[in-house]
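*Asks:* just the structure for this:
(chains A, B, C and D, ligands or ions: 4)
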Amino acid sequence: MTFRTPTGGTIDRNTLLHFTFNGRKLTGHPGDTLASALLANGVHEVGSSVKLGRPRGIVAAGSEDPTSLVQVEEPFPEPMLLATTVELFDGLVARGLAGQGRLAPEPDPARYDAKHEHCDVLVVGAGPAGLAAALTAARSGARVVLVDEQNQAGGALLGVDEYLDDRPSAAWVADVLAELRSTAGVLVLERTTAFGMYQDGFVLALQKRTDHLGFAAPAGVARQRVWRIRTRQIVLATGAHERPVVFAGNDRPGIMLASSARTFLHRYGVLPGSRAVVFTTNDSAYCAAIDLAESGVDVPMIVDARPEAPARLATECAARGIEVRAGHVVIGTEGAGRVTDAHVAPLDGVAGHCDTVVCDTVLVSGGWNPVVNLFSQARGKLRYDAELGAFVPGEELETVRVAGSATGELDLTACVRQGRNAGASAAISAGFTPRGQMPLPVSDSRCTSRSGLVLWRVPGDDDASFVDLQRDATVADVLRATGAGLRSLEHIKRYTTIGTAHDQGKTSGMIAAGIVAEALGVELADQRPTTFRPPYTAVSFAALAGRDRGELHDPVRVTAIHPWHVAHGALFEDVGQWKRPWYYPQAGEDLHTAVLRECKATRESVGMMDGSTLGKIDVQGRDAGKFLDMLYTNMMSTLKVGRIRYGVMCGVDGMVIDDGTVIRVGEERYLVTTTTGNAAKILDWMEEWLQTEWPHLDVHCTSVTEHWATIPLVGPKSRDVLAAVAPDLDVSNEAFEFMTWHDTHVAGVPARVCRISFSGELAYEINVTAWHGLAVWEALMAAGEQYGITPYGTETMHVLRAEKGYPIIGQETDATVTPQDLGMSWAVSKKKPDFIGKRSFARAENNRTDRKQLVGLLPVDPSVLLPEGSQIVETDRLPEPPVRMLGHVTSSYPSAALGRTFALALVRSGHERIGETLYVPVEDSLVPVTVTESVLYDKEGARRDG
Amino acid sequence: MTSPAQPPGAHLPEHPDFLWENPEPKASYDVVIVGGGGHGLATAYYLAKVHGITNVAVLEKGWLAGGNMARNTTIIRSNYLWDESSGIYEHSLKLWEGLEEDLGYPILFDQRGVLNLAHSLQDVRDSVRRVNANRLNGIDAEWVDPAGVKEICPIVNVSPDVRYPVLGATYQPRAGIAKHDYVAWGYARAAHAMGVDLIQNCEVTGLETAGGRITAVQTSRGRIAAGKVALCAAGHSSVLAKMAGIRLPLASHPLQALVSELLEPVHPTVVMSNAVHVYVSQAHKGELVMGAGIDSYNGYGQRGSFHIIEQQMSAALELFPVFARAHLLRTWAGIVDVSPDASPIVGLTPVGGLYLNCGWGTGGFKATPGVGDCFAHTIAHDKPHPFNEPFTLERFTTGALVDEHGAAAVAH
Amino acid sequence: MQLIPCPWCGPREEAEFHYGGQAHVAYPEDPSALTDEEWAQYVFFRENPSGPFAERWSHSAGCRRWFNAVRDTRSHDLLAVYRAGEPMPEVLS
Amino acid sequence: MTVSPLAAWRGRLAALAPALAVAERPFRSQLTVRASEPSAIAAMGSALGVVFPSVPCTFTAGSGQFGDVEVLWLGPDEFLVVAAPDLQVSIEEVLRGALGSSRGSVVDTSAQRTTVILEGPHVRDVLAHGCSVDLHPSAAPAGTCVQTLLARTGIILQVTGPDRCTVLVRSSFAEYLAAWLSDACVEYQAAAP
Ligand SMILES: Cc1cc2nc3c(=O)[nH]c(=O)nc-3n(C[C@H](O)[C@H](O)[C@H](O)COP(=O)(O)OP(=O)(O)OC[C@H]3O[C@@H](n4cnc5c(N)ncnc54)[C@H](O)[C@@H]3O)c2cc1C
Ligand SMILES: NC(=O)c1ccc[n+]([C@@H]2O[C@H](COP(=O)([O-])OP(=O)(O)OC[C@H]3O[C@@H](n4cnc5c(N)ncnc54)[C@H](O)[C@@H]3O)[C@@H](O)[C@H]2O)c1
Ligand SMILES: Cc1cc2nc3c(=O)[nH]c(=O)nc-3n(C[C@H](O)[C@H](O)[C@H](O)COP(=O)(O)O)c2cc1C
Ligand SMILES: [Zn+2]
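*Replies:* Ligands and ions are numbered 1, 2, ... in the order given. Okay, the predicted model is just below:
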């Protein structure tokens, strides 16, 4: 049987859409929601409830619906959508849910994006109030954005068949919309829900762009978009939600809000059933009753809780054969999958007076709750309006205005007036002058919009009286909570879970507050509703992630030489955002064999790596030396032009934060290098000190990290290779000393060559502009070919430096390590009166003799490789936990040069323990190790000069 | 329509019919606890239960346990790096293991295990270091490779092709989650039953001292004399300590969290990724509960900035592609009191009879039973319990920090 | 997300800024003259008020300037913004 | 031989037209100048034939011994001087001379960033997907120059005409920018609803 009316609604009756629900093949029309199409097919029972497994239907027509939760299965599985907000399309497959949704295991193919939008006035809600506000603001010349979650403008007007100024209200809406669309600087966004109000006019809105197209959604178009709107002024014209009255058995499918039934009728051409009892506390439901009756629904009775029915409306009803029972309420219902009877009795509970009315539909209206969610998110205070029985905006905010039913105003003309005023004052506040006032329309509505009796619930079986239909929370639960000693609505929410479901209590929150106030005998005026939080309606995770996924999740930073590394089979290590070559495996090699080969080649002949990621900062100015003296633990101002010095930096707490070389470029100019991961941090650190502490210093810092490509050329044959590509340069040990630099040409390109070594070998660091990096790298490869020049990655670099006992910041250190702990007292100036961190060295803790210090560890069995991160203990047998730990292994490698494995470690009193045997628990055994100095290779430093 | 034999939410326990009374404050108490969060309530409970001190009031400025206790992602674990930390957190975990019985309250403590993911070679080193330290401290801990991660939590994307691949994880099987409200209310009910007064809507506005000793608190509901005062005010600790002239090395930051709608079980464990700030579990009803990184600025507003949530979502989807069409249902924020070394401050103060428990930052829920027990001991004996002895305020002067920041075991 | 008025570039999104904690904490003239307690105060202890707070921000993704602001930490509302070196404006709480 | 950061992207970027015309303009001479003394700033300007911008978030252009030169405001005492390729050494020298003994610095940063020119009716739309600065012509007229974020990378954005702008990006982020732009254009290549 069809419940589709023969005419009416905004659906396209000429086109048939096929869809499947709970396995049944059904049809609907473009313009339907899944809910309206189900109702048109007579389907009321949608799913079942989470705790009690009771059938659940459709209560409202919009996003406030607490019950119609469905799982879309095709085109792509999506959990927990409201049937009332799923626009119907051909081929839709969905099913009702039992309280929980299902995530698809397969990846979501859809595209999501975000867009920033700026405006002077943002209007939320395109009902009569919002339209008036937007038009008024637009006419002033302001940049206006108007958003509405519906697929068309009109708001409440979409759900009625009223006339404005003697024309169908749709015509009025169309006129306003047409003018808005033709006004420059106006953006109207349908299917767009403002879901979060943040600081300083920042509003987030989710636009559903292709969901309604189903399988026909075009590829390449973002399915959903998050609009990040920054506006000067906001007008909230979000309307009001009808609220139900709670009574026993109020959760049966077929029980629906009266205005929603009216919306299904007028907007979708759908009847909610064949025989409807209407239960109300106010006038508005009379219109629903009359409209349904006129559309062929049998409406046996209006049950009006008020002692007296409105005379004119009652007369109209009588004329249509509708009995009006004033002073009565619905006290219970019957039915399995759907309501079959309503029990009607006097409100004052006169025993015995109970009639049973057969029906398949019960329409309920308990009044109206202004939609104040966003206003409250904007930190607007709410006030209880006793006449309305709802919280309303209780103050004016500087940048947020509220208009229309969202204020509690129910009369159409008044709503439009409010909208107009709000639009005008928002425009004025944004610096514009309103022009051309729009006239106020006059409505022919019969149901004069006055608030009625405030009634939260009808006494009855508390266990069957549902407050939150989604959470299965009943009046009994509320009373149990108050009985347990709870007073705060926040507690009661958490005890009962009311308002925590998908609908976030849009229709249940106010009722729960009312029932609690009654139970506790307190005034609602003294209560605050539970906190409204974003999002207003549920937003998919993917929409929030937007395009920052996959390749675009986080920038991959690469050097100028990167293509070569890729072409030569490098594996990469993530260092911050950089991809650095980790090692270059040849056929059949794993990490260890490749690294042993790279190390060997470098120590015996020549190797080369891409060091471009090192941070580089140009420090210029008269006070540059003085400044660096404060930043580094050692002295930099005494460095001679042309020379280079290694330096360590500490935080104010005396812990090492970075290290690197400092080269003196000129009298007033230095170039400092930082570790890859800390480049930005150290520049910021320098700027912070300069700008906030020492603005008097004549120093300027400029990052040149990416201006330069940096290539360390390492090994006994590096001099020969360099000589071959740098004919202008005297590479002899005398002319080009260790820790000096020269400007020259390398492979025909201007270059700065530094003689620095992070491996202990003779080594150079060649710096050319990044544009030349690849060419120079290739030239070096060619020049080194005869020596078997070997590119190496970070792993080999780590091994080479570890053999020399050089720490890596972040690997040997963890924010608890001082330069002294690293054995670098030599790099801590005794002469300087102060530098950052110096004072902290004097604290008690820093002078303990049992601090952890950097040492070398040699496993007694030279083939055993200690896992990095292993702990170190004193005894060859483990006592019961907790076991005293002496420190941990920071680095550990097999060494080609040493012909054995070795490790670096931080060990309590490590410097004193040199020569001792300690133990490292590895899985179930204890590996004996000998503590050594941290420098294990070429202790005398003989290799440095080649 | 699917109608399962039993609806998915049917098995969840109800709260008891009676919780607590709402007495008027008395003129004086032996011990006044400021702050009715988990810590304050647990402290009251152990004071009464272990030390027999029952003339105790817990003063809460809002609704009981409505601060961070109502807002946290409920992750419980004890696999911290340093001995000092593992001491107190493991003590706490052991108490969690018997808490349901102890309180007679269904706290839904669920030892489903926690994975801490490693995304870089340094993460791997730090993780292995922590696992080894944990084991020697008697704490269950494992290092699992990506395949192991997949086995424990099949929905984690362990493909090497993502931006920050999962290189492995530490796993603590005894770790897990509990239901925050139930825990707080369990303590409250049990403390109340032993005679503790729980006083809500009672904001402490001043601390009175005489001769270097605390004598009373001023509150929005009048003056209350106190033999001892214990501060358990989490995000508001600096404000309260200042009333006694004590400066704390704390910064109060917004910390946000969020939930999805109810979903069929997909996520059997707890996954934390400090590198990308994703902390996620699926709570008992079926909602995904996710924590974010802290907002950078100081804030007492119980709200944060949305870009934090957006960033967290993109990171979460890299790790859990199946979450794409889950929906965000609600976001919120708490106020966390972050200390310089990411470790708490628990112990005596320069003011006699005034005790301090703060600085738990993003991770104090798990400590609730442990610190409640140790703090009660500290108050009762006017001497720190061995487990909280290292967590003095003086450590910032001596330099004896317990740096869990540097140790990459931060957060939750 | 807050909109922070950089004193140079005008209002920009919070994401462009780096937070720097309490403002007007001077590096001690002579750290070596301080007691451990005094030094610890400088290193670790900052004001942490609930209410107006003078704090530092750096427009790190913009002009890279550090500047100061008075912000109410309860509402997160910026009450005043001023350039480094300028005195703190009078703002009512 | 020189290689620009987006050399490998030339074809892919060109293919984004007509949604957006995108082209790298590599190897330009770029110098980061720090100076605050008005006389020094004026001297540098006259040496280059361009008045340095005095209004934050703008750029100026002029012509002199180095041909067309642009000066971008980066901060209250920070500018980026941009000129045709291969002039950086001589411009540095001239600027140093003009700066004289005034407080400041001049640094060759030519290879630190690369330049991407964007043109077409969708320029502002495309950028608005990742840039939070108001790019409406009333808020960002030609002559605007802001340092800001585009999605997850920092950029310098010069508005050079109604549908035209120049983006300078750090060299190591250039490929990210290119990938991001390519992806953003998908929407404008498809038929948006
Ligand atoms: C989003 C988020 C996620 C988190 N996730 C985790 C996690 O996964 N695991 C974990 O272990 N920890 C987590 N935490 C941290 C944890 O919640 C806190 O460390 C812990 O709750 C703090 O202790 P508490 O419960 O006593 O604090 P709170 O519950 O905040 O209690 C402090 C109480 O003091 C009251 N108060 C303050 N000032 C006054 C006054 N003047 N007078 C009277 N009363 C006052 C407050 O109202 C508040 O109720 C998280 C925190 C947040 C915000
Ligand atoms: N008969 C009655 O008793 C009665 C009661 C209430 C309202 N009304 C009528 O309702 C109308 C009220 O006009 P109005 O303009 O104030 O409200 P409205 O209900 O007509 O319009 C509100 C609009 O806001 C949209 N909206 C709400 N929250 C949103 C969000 N977060 N993001 C995007 N869109 C959102 C809704 O989709 C809706 O279209 C009047 O015609 C009034 O007479 C009548
Ligand atoms: C572990 C956990 C699970 C939660 N689950 C839900 C939920 O399913 N639905 C919901 O609306 N809120 C949920 N919340 C959030 C609370 O509703 C609320 O936002 C939080 O307690 C903070 O309080 P406030 O938002 O009132 O400030 C949950 C909170 C936590 C800590
Ligand atoms: Zn700026």
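*Asks:* low-confidence ranges in the chain?
*Replies:* Here I'm looking at chain A. A:1, A:350-352, A:448-449 (pLDDT under 70).
*Asks:* that answer is for a different chain, and I need it for chain C
*Replies:* Using pLDDT under 70, chain C drops low at C:92-93.
*Asks:* which parts of chain D sit against chain C?
*Replies:* Contact residues, chain D versus chain C (CB under 8 Å from any CB of the partner chain): D:56-57, D:74-76, D:78, D:132-133, D:146-149, D:154. Every C-beta, even on glycine, is put in place using the N, C-alpha and C of the backbone.
*Asks:* is the helix or strand C:Ile4 falls within positioned near ligand 4?
*Replies:* Using DSSP states H and E, the element containing C:Ile4 is strand C:3-6. Yes: if you take CB under 5 Å from the ion as the test, strand C:3-6 does meet ligand 4, through C:Cys6.
*Asks:* what about A:Ser259, neighbour count?
*Replies:* 26 (other CB atoms under 10 Å in any protein chain shown).
*Asks:* Provide a list of residues in contact with the residue nearest to A:Ala110 when sequence neighbours are not counted.
*Replies:* Excluding the flanking residues, the one nearest A:Ala110 by CB to CB, 6 or more residues apart in numbering or on different chains is A:Arg223, at 4.0 Å. Taking CB atoms under 8 Å, 6 or more residues apart in numbering or on different chains, we find A:Arg223 in contact with A:110-112, A:208-211, A:217.
*Asks:* inside strands: which ones of the residues you listed?
*Replies:* A:112, A:208 (DSSP state E).
*Asks:* just give the number of residues close to residue 316.
*Replies:* Just so you know, I chose chain A. 19.
*Asks:* wrong one, chain B
*Replies:* That count, for B:Ala316 with other CB under 10 Å as the rule, works out to 27.
*Asks:* and it, that's in a helix?
*Replies:* Yes: judged by DSSP: H, G, I helix; E, B strand; the rest coil, B:Ala316 forms part of a helix.
*Asks:* my guess is it contacts A:Ala545, does it?
*Replies:* Yes: the pair B:Ala316 / A:Ala545 is scored as a contact, 7.5 Å apart, by CB atoms under 8 Å.
*Asks:* elements contacting the strand holding C:Ile4?
*Replies:* strand C:10-13, strand C:78-83 (3 or more CB pairs under 8 Å, 6 or more residues apart in numbering or on different chains; DSSP states H and E).
*Asks:* could you redo the last one with a cut-off of 6 Å?
*Replies:* Applying 3 or more CB pairs under 6 Å, 6 or more residues apart in numbering or on different chains; DSSP states H and E, one finds that strand C:3-6 makes contact with strand C:10-13.
*Asks:* is chain D within reach of whatever helix or strand comes next after the strand it packs on?
*Replies:* Using DSSP H and E, the helix or strand that follows strand C:10-13 in sequence is strand C:18-22. No: judged by CB under 6 Å from any CB of the partner chain, strand C:18-22 stays clear of chain D, getting no closer than 12.3 Å.
*Asks:* partners of strand C:18-22, with directions?
*Replies:* Strand C:18-22 has the following strand partners under DSSP bridges: strand C:52-58 (antiparallel).
*Asks:* residues in contact with the strand it pairs with?
*Replies:* C:17-18, C:20, C:22-24, C:66, C:68-73, C:88, C:93 (CB atoms under 6 Å, 6 or more residues apart in numbering or on different chains).
*Asks:* out of the residues of chain D next to chain C, which comes closest to ligand 3?
*Replies:* D:Ser132 (26.9 Å; CB to the nearest ligand atom).
*Asks:* am I right that that closest one sits in a helix?
*Replies:* No: D:Ser132 is assigned coil when assessed by three-state DSSP, not a helix.
*Asks:* spatially nearest residue to the residue nearest the centre of chain D, not counting backbone neighbours?
*Replies:* Centroid-nearest residue in chain D, with CA atoms, centre = their mean: D:Leu168, separated by 4.1 Å. Spatial nearest neighbour of D:Leu168, excluding adjacent residues (CB to CB, 6+ apart): D:Ile156 at 4.1 Å.
*Asks:* what's the answer for A:Leu520, then?
*Replies:* A:Thr482 (5.7 Å).
*Asks:* just the helices in chain D please.
*Replies:* Residue ranges of the helices in chain D, as given by DSSP state H, are D:10-14, D:38-48, D:88-99, D:123-128, D:174-189.
*Asks:* and the second one, which residues are buried?
*Replies:* Of the residues in helix D:38-48, those buried under the neighbour-count criterion (16 or more other CB atoms under 10 Å in any protein chain shown) are D:40-41, D:43-45, D:47-48.
*Asks:* let's have those in TSV, adding pLDDT and distance to chain B.
*Replies:* Formatted as TSV, these follow (pLDDT from 0 to 100; distance: CB to the nearest CB, whole Å):
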residue	pLDDT	distance to chain B
D:Ala40	97	36
D:Ile41	98	34
D:Ala43	98	41
D:Met44	98	37
D:Gly45	98	38
D:Ala47	97	42
D:Leu48	98	39
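*Asks:* what's the closest of those to chain C?
*Replies:* Ranked by distance to chain C (CB to the nearest CB), the buried residues of helix D:38-48 are led by D:Ile41 at 15.8 Å.
*Asks:* wait, what's in contact with the closest residue to the closest one other than its chain neighbours?
*Replies:* Spatial nearest neighbour of D:Ile41, excluding adjacent residues (CB to CB, 6+ apart): D:Phe52 at 4.9 Å. Each residue near D:Phe52 by CB under 6 Å, 6+ apart is listed here: D:41, D:45, D:71, D:79.
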